[in-house]
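Asks: just to be clear, the model below is a prediction. Sequence and coordinates:
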Amino acid sequence: MGKVQSKADKEILRINKLLKITEKITHLKDIEALLDRILIEARKFTSADGGTIYLVDNKKLRFRYVQNDSLFKAGRHSNKHLYVDHSVPIDQKSIVGYVYKTGKTLIIDDAYNIDKSVPYTCNHRFDETASYKTKSLLTIPLRTSRGRIVGVLQLINAQDKKGNIVIFSPNDIIYVEHFANNAAIAVERAKMTRAMVLRMMKVAELRDPKETGPHVNRVGSYSIEIYHQWAHNKGQSVDKIKQFKDNFRIAAMMHDMGKVAISDTILKKPAKLTSKEYEIMKTHVVMGARLFNDPTSDWDEMAAEISLNHHEKWDGTGYPGKIDDIFKEPIEFHPGKKGEEIPITARIVALSDVYDALISKRSYKDAWDEKQVLDYIKEQSGHHFDPEIVEVFFDIYDVIAAIRDTYKD
Ligand SMILES: [Fe+2]
Ligand SMILES: [Fe+2]
C-alpha cells in the first residue's frame, strides 16, 4: 500500500481493528475482566481519556466500572475505586438514564453547555469531587441482538494526537455501536456464568452453611487483587495479569466445592469432629480436584489446583501433600507440600479464605476483631502463609477492606 491511504483503505483498516477487538472480548468469562476489557478497547478505538460502564441491576443503573487515564495514572496498583458502589435511577433526567430509556446513542460536544430544551442534565458531581473536567461525551446503549439493553457505555473526553480534548467523531459512532452490540452479548453471557457459579455455590451452601455467596465473592475478589499486586511486583505485564485474573476469580470462588461429597453428619456436626471424621473432612480437597478434572480447559485446571492445595501450609504442615493419582481409592495423605511447591493460586486463596473466615461472624462463632485477625496473619507469616503474600495483603489492605464493604453478609 502506498503512503497515501484512500478513504476505503482507512475504512478497511478500521473494520479490521474492530473485528480484532471484538474477538478479544468474546472469550472472557469473568464479568469484571470483561467490563475492564470493553472499556479499554472502546477507549482506545475512540481515543477517549475516560469511560464508565453502567449495568442494569435491581431497577437501577449501577456504575460498575470506571477507567480514567488522567485520574488513575499508575502509581501503586490500587483497584479500590472498583469496589465503590454507585447507582443512578433509571429516568431521563441523567444522560445515561436517557440513553438507557430511549435506546439512542447520544453525542455531547460540551458537557457544560447542554441545550436547555432536552430532558437530561449533566451531573458535575464527579468533576467536582475528582477535580476533573468532562467536556465531550459519547454515551451508547449496550444492546444485545435480541434488543435487550443490559447497560450503558459512556466514553469521556476524546483526544486528538496531541492530547487536546476534542469532540467525538460522528464517523466513530457506527463502529462503536457495532462493538457495543457485541459487548452487550458478552456481558449477558458473563452475567449468566457468574449466576451459574453462584447457583452452584448455593448448592454447596446447602451442604456446608459456612460457604456462603458473600464469602466466596469476597474470597474471589481478595484473591485476584492480591494476585494483581504480587504479579505487578514481579514485573509481569498488565495484559498477562488480566488474562490470569479472568480465570482466577471464578476458580478461587470454587475452593470448597469438594465439600458436596462430604456427608451432612460431618459437615453439619455442631460439635468438634472426631479424628476419624476430620480425616474424612480432609478428603474434600481431593473430591474438588476430581470435580474439575478437565485438562482441556485452563479454567478447570486452575479450579482443580486450588481445590487440591488450599489447605497446604507454607511450612509444610498442611494437607493433602503430593498426590500422584487423584482418583486412587482410598485417598491417602502425604507429608504436606512446602513453600513454592504449593501453587501461587492456592497460597493466595489460603490467606483470603482464612482471613475471611476469621473476620466474619458465622453461626458457630463470633467475628474476631480486626486487630486480632491482622495480628494472627502476621504471626502466621512463614508458618501457614507465604510471607510474600502476607506482605502484599497488607500493602493493599485498603482494597481488601473495600471488598468487604461491597460483599456484606
Ligand atoms: Fe477447604
Ligand atoms: Fe471458604
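Replies: Perfect, I can see it now. Residues are numbered from 1 along each chain as shown. Ligands and ions are numbered 1, 2, ... in the order given.
Asks: ok and the residue in the stretch 151-300 of the chain nearest ligand 2?
Replies: In the stretch 151-300 of the chain, the residue found nearest to ligand 2 is D256; the distance is 4.8 Å by C-beta to the ion. Placement of C-beta: from N, CA and C, glycine included.
Asks: wait, that residue touches E211, no?
Replies: Yes - checked against C-beta atoms under 8 Å, the pair D256 and E211 is within contact range at 5.0 Å.
Asks: what touches both of the two?
Replies: Counting by C-beta atoms under 8 Å, 6 or more residues apart in numbering, the shared contacts of D256 and E211 are A204.
Asks: same drill for these two, tell me which one is more crowded.
Replies: A count of neighbours by other C-beta atoms under 10 Å puts D256 above the other of D256 and E211, at 28 against 24.
Asks: please report how far the more buried one lies from D30.
Replies: 19 Å (C-beta to C-beta, to the nearest Å).
Asks: what residue ranges in this structure score low on pLDDT?
Replies: 1-4, 69-85, 363-364 (pLDDT under 70).
Asks: tell me how it divides into domains.
Replies: Domain assignment for the chain, taken from automatic domain parsing, gives 7-190, 208-406.
Asks: and the ones you listed as JSON lines, adding distance to M196?
Replies: Formatted as JSON lines, these follow (distance: least, C-beta to C-beta, whole Å):
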{"stretch": "domain 7-190", "distance to M196": "10"}
{"stretch": "domain 208-406", "distance to M196": "10"}
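Asks: between those, which one is closest to M201.
Replies: Relative to M201, the nearest member of these by C-beta to C-beta is domain 208-406, separated by 5.2 Å.
Asks: quick one: end-to-end length of the closest one, please.
Replies: Domain 208-406 has an end-to-end distance of 23 Å (criterion: C-alpha to C-alpha, to the nearest Å).
Asks: and for stretch 287-299?
Replies: 17 Å.
Asks: can I take it that L142 is in a strand?
Replies: Yes - the assignment for L142 is a strand, going by DSSP: H, G, I helix; E, B strand; the rest coil.
Asks: quick check: beta-bridge partners of it?
Replies: Beta-bridge pairing for L142 (DSSP bridges): G151.
Asks: next up, the contacts around it.
Replies: By C-beta under 8 Å, 6+ apart, the neighbours of L142 are 53, 149-153, 180-181, 183-184, 187.
Asks: switch the cut-off to 10 Å
Replies: 38, 53-56, 99-100, 148-153, 179-188 (C-beta atoms under 10 Å, 6 or more residues apart in numbering).
Asks: of those, buried ones?
Replies: 38, 53-56, 99-100, 149-153, 179-188 (16 or more other C-beta atoms under 10 Å).
Asks: just the ones of the contacts of L142 in helices?
Replies: 38, 99-100, 179-188 (DSSP state H).
Asks: my guess is Q229 contacts F393. True?
Replies: Yes - contact criterion C-beta atoms under 10 Å: Q229 and F393 qualify, at 8.8 Å.
Asks: count of neighbours near the residue of the chain found nearest ligand 2?
Replies: Closest contact between the chain and ligand 2, by C-beta to the ion, is at D353 (4.4 Å). Neighbour count for D353, taken as other C-beta under 10 Å: 24.
Asks: that one sits in which helix or strand?
Replies: For D353, the host element (DSSP states H and E) is helix 344-359.
Asks: contacting residues around the nearest residue to K240 once chain neighbours are set aside?
Replies: Distances taken as C-beta to C-beta, 6 or more residues apart in numbering put A231 closest to K240, at 7.5 Å, once the chain neighbours are dropped. The contact partners of A231, taken as C-beta under 10 Å, 6+ apart, are 77, 237-238, 240-242, 244-245, 344, 392.
Asks: is A231 in a helix, a strand, or coil?
Replies: helix.
Asks: residues in the stretch 301-409 of the chain within reach of ligand 2, list them.
Replies: Within the stretch 301-409 of the chain, the positions adjacent to ligand 2 are D353 by C-beta under 5 Å from the ion.
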